[in-house]
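In: Build me a model:
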Amino acid sequence: MIRNGRRSLSAAPLPPEATVVERLGSDEDGVPLVRPVGWPGSDPAPVLRLIEAGLSEPFPIGARAAARVVQRQTGEIEARIIRALGPANNRVVGVFHRGANGGSVVPVDRRNRAEYRVTEPDAGGAGDGELVTVEESATAKVRFPRARVIQRLGHSSDAGVISLLAIASHDIPTEFPMVAIAEAEAARVSQAVEQVGAKLELSEEDPEKEKLREELRELREERTKAEAALAEFMFRHIYTYDHPPLLKEALTDSKNRLMIISPWITGDVVDGDFLKHLEGLLRTGVAVYIGYGIKVEPTKKPEPEDQWAKEQLSHLAHKYQNLCFKRLGNTHAKVLIADDKFSVISSFNWLSFKGDPSRPFRDEQGIKVQDKNFIERQFQELLPRFV
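Out: Residues are numbered from 1 along each chain as shown. Alright, predicted model coming up:
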């Protein structure tokens, strides 16, 4: 069954029980809508209502998740979140220019000089001059990379779209991590407790005191709940497919320091894309620490691509003084620390396991920590190993 614009249903092939879905938008009731990724055949992919239970972060348009497909007694199909995944490919905001068989998109970020080709089926109905978000196709490097429209933002001449252009051009965030929202809420309630407490101490009239006492009691209960909610976000249980997006985020967004510890290194993970992002960090002065080696002595006959990966990391370490690449030996630890933003302690082998959803499943679990004091202590405890 698929959902059309009038809320009615029509027959369509049933998606696999477990699949990867991508958010399209919302229906008239505000319920998120998704469609399966990589839908086979020429028929349109079914549009499903999304049950967001299990998500601890915002799930914006274009975001992807592993989901379980459930058919209700009414015949309607729903997608229920298993866990969120990172975006599959790069997303770009640009202006769509209509052409004969689709069109092209010119990025609003002038640092990106690519021009993206969009076929008619991938244009999503975008008109000439519209501001759109596109996802770059995972194809070999070509002069004009392929992309598909995943969000239409409005015509580039509209007054409201001027703000969107500025936001896209300057990387201004429009959505914030749930931990930041929880921190802000806990801080707001704590400040309110202090203010009402101060008023209570200065109050001299009994009726006003009683009212302030009741307000203070309610605020303290609210503070307890806010602090409990914050604690849940500070220490979060993560699973196999949560890891690769965190590594990508660390490699692209770290501003001051990055530490990666992993027993093994393979060319499957430390590839050209990994090295490009790593060198980008090094050029901006980020201090990077990469430690590896489950044995003191190197592997006698490594695979050629794995040896190449290590040689490339060694080359970068010689080129940039802010990269410390060291064989630690006797380490089975798997650690990722990005600035004071987050730390992950896990079973996931950061530098040797790709965690690709298209490959056979392997269960990996860990804890993502966003408590700045904890992150600093952990970083300082591990830093001597690189001396």
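In: which regions of the stretch 101-250 of the chain sit below the pLDDT cut-off?
Out: Scanning the stretch 101-250 of the chain for pLDDT under 70 picks out the ranges 138-143, 159-181, 232-233.
In: at 90 instead, please
Out: Low-confidence segments of the stretch 101-250 of the chain (pLDDT under 90): 101-102, 106-115, 119-127, 129-213, 222-242.
In: how about the strands of it, start to end?
Out: Per DSSP state E, counting those that start in this stretch, the stretch 101-250 of the chain carries strands over the ranges 102-107, 116-119, 130-136, 147-155, 235-239.
In: mind putting the ones you listed in JSON lines, distance to Gly94 and mean neighbour count included?
Out: C-betas here are computed from N, CA, C, even on glycine. Shown next, in JSON lines, are those (distance: least, Cβ to Cβ, whole Å; neighbours: other Cβ atoms under 10 Å):
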{"stretch": "strand 102-107", "distance to Gly94": "4", "mean neighbour count": "20"}
{"stretch": "strand 116-119", "distance to Gly94": "7", "mean neighbour count": "20"}
{"stretch": "strand 130-136", "distance to Gly94": "7", "mean neighbour count": "23"}
{"stretch": "strand 147-155", "distance to Gly94": "9", "mean neighbour count": "19"}
{"stretch": "strand 235-239", "distance to Gly94": "32", "mean neighbour count": "15"}
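In: Adding distance to Leu251, write these out as TSV.
Out: What follows is the strands of the stretch 101-250 of the chain, written out as TSV (distance: least, Cβ to Cβ, whole Å):
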stretch	distance to Leu251
strand 102-107	21
strand 116-119	23
strand 130-136	17
strand 147-155	22
strand 235-239	17
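In: nearest to Ile260, of the ones you listed?
Out: strand 235-239 (16.1 Å; Cβ to Cβ).
In: just to revisit the earlier point, mind checking which of the strands of the stretch 101-250 of the chain is nearest Glu218?
Out: The nearest among these, by Cβ to Cβ, is strand 235-239 at 27.5 Å.
In: Tell me the strands beside that closest one, with direction?
Out: Next to strand 235-239 in the sheet, as set by DSSP bridges, lie strand 365-369 (antiparallel).
In: In a helix, Pro360, correct?
Out: No - applying DSSP: H, G, I helix; E, B strand; the rest coil, one finds Pro360 to be coil, outside a helix.
In: give me the low-pLDDT residue ranges for the stretch 251-387 of the chain?
Out: Those would be 294-303, 329-330, 355-363, 370-373, 387, if you go by pLDDT under 90 across the stretch 251-387 of the chain.
In: how about a cut-off of 80?
Out: Applying pLDDT under 80 to the stretch 251-387 of the chain flags residues 296-301, 358.
In: Do a quick rundown of the strands in it.
Out: 257-262, 287-292, 323-327, 335-338, 342-346, 365-369.
In: wait, which of these is closest to Ser352?
Out: Here strand 257-262 is closest among the strands of the stretch 251-387 of the chain (Cβ to Cβ), at 6.4 Å.
In: contact partners of the closest one?
Out: Residues outside strand 257-262 that contact it (Cβ atoms under 8 Å, 6 or more residues apart in numbering): 247, 250-251, 281, 286-292, 328, 331, 333-339, 349-352, 379, 382.
In: Tell me the pLDDT of Pro15.
Out: With respect to pLDDT, Pro15 scores 64.
In: follow-up on the earlier one: okay if I get the strands of the stretch 251-387 of the chain as TSV plus mean neighbour count and distance to Leu48?
Out: Shown next, in TSV, are the strands of the stretch 251-387 of the chain (neighbours: other Cβ atoms under 10 Å; distance: least, Cβ to Cβ, whole Å):
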stretch	mean neighbour count	distance to Leu48
strand 257-262	23	37
strand 287-292	21	41
strand 323-327	18	45
strand 335-338	23	33
strand 342-346	21	31
strand 365-369	17	27
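In: Could you export these as TSV, including distance to Arg98?
Out: Below are the strands of the stretch 251-387 of the chain laid out as TSV (distance: least, Cβ to Cβ, whole Å):
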stretch	distance to Arg98
strand 257-262	42
strand 287-292	44
strand 323-327	46
strand 335-338	41
strand 342-346	42
strand 365-369	43
